[in-house]
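Novice: quick one: sequence plus predicted model below, questions after.
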Amino acid sequence: MPGTQLQHLSYFQKSNSTLTHDEVRYRSLAHYFFYQKALYLGDIRTAEKILKAKEAEKIKSLALKIESAGNDKAWRHVCFNVLEEGLKVKFLQDLTLCEWLSKQSDEDLHLISSIWGLSENDLLDHAESVLENTSLLGQALIKVRLQVIAT
């Protein structure tokens, strides 16, 4: 039955949401994703502000102000990989999370609409779905689950 194991996700979302990637510590997946977007698009000033922001609303507000210099299309081409990398790093930094992820079905993972400060709605403004009628978070979580199981 879909969603039966998703109740445990709320525990993980309330737990330590930080992640460390390339020696940079991020407060949340949203910090990571939007910081990477700002860097990719060359907006260093906004990237620094995103790293310092504490509230999710501030991060999302800053994300909408990222100057793209006309490179939005290029970002949309790589953003799924950025999302996937952030999720992979987060899960691999916590064995309990890896264990939980490995037990989830594709159907359950597609039901997830928000994780560690990043929601499906946030992604819709900044990314393109890889598959039609499926969530970006779900798609990325499924790919990360396969990678986690393989390690």
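Specialist: Arrived safely.
Novice: tell me the SS of Glu67?
Specialist: coil (DSSP: H, G, I helix; E, B strand; the rest coil).
Novice: now it. Its backbone dihedrals?
Specialist: With angles defined as degrees, to the nearest 10, Glu67 shows backbone torsions of phi -80, psi 120.
Novice: top helix in this structure by residue count?
Specialist: With secondary structure taken from DSSP state H, the chain has its longest helix at helix 72-92.
Novice: for that helix, list the C-alpha coordinates in CSV.
Specialist: Output of helix 72-92 as CSV, limited to C-alpha atoms (Å, rounded to 0.1, in the frame of the first residue of the first chain):
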residue,chain,number,x,y,z
ASP,A,72,18.2,29.6,-17.7
LYS,A,73,17.9,27.0,-20.5
ALA,A,74,21.4,25.7,-19.7
TRP,A,75,20.5,25.5,-16.0
ARG,A,76,17.4,23.5,-16.7
HIS,A,77,19.6,21.0,-18.6
VAL,A,78,21.8,20.3,-15.5
CYS,A,79,19.5,21.0,-12.5
PHE,A,80,18.2,17.5,-12.2
ASN,A,81,21.8,16.3,-11.8
VAL,A,82,22.4,18.9,-9.2
LEU,A,83,19.3,17.8,-7.3
GLU,A,84,20.3,14.1,-7.6
GLU,A,85,23.9,14.9,-6.3
GLY,A,86,22.5,16.8,-3.3
LEU,A,87,20.2,14.0,-2.4
LYS,A,88,22.9,11.4,-2.8
VAL,A,89,25.3,13.2,-0.6
LYS,A,90,22.6,13.7,2.0
PHE,A,91,21.6,10.1,2.1
LEU,A,92,25.1,8.7,2.0
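Novice: ok, Tyr26 to Tyr32 distance?
Specialist: Using CB to CB, to the nearest Å, we find Tyr26 at a distance of 4 Å from Tyr32. Just so you know, the C-beta spots here come from the backbone N, C-alpha and C atoms, and that holds for glycine as well.
Novice: equivalent analysis for Arg145, please.
Specialist: Per CB to CB, Arg145 is found 19 Å from Tyr32.
Novice: more crowded one of those two?
Specialist: When neighbours are counted by other CB atoms under 10 Å, Arg145 and Tyr32 differ, and Tyr32 comes out ahead with 29 against 22.
Novice: list the contacts for that one?
Specialist: By CB atoms under 8 Å, 6 or more residues apart in numbering, the residues touching Tyr32 are 19, 21, 26, 86, 89.
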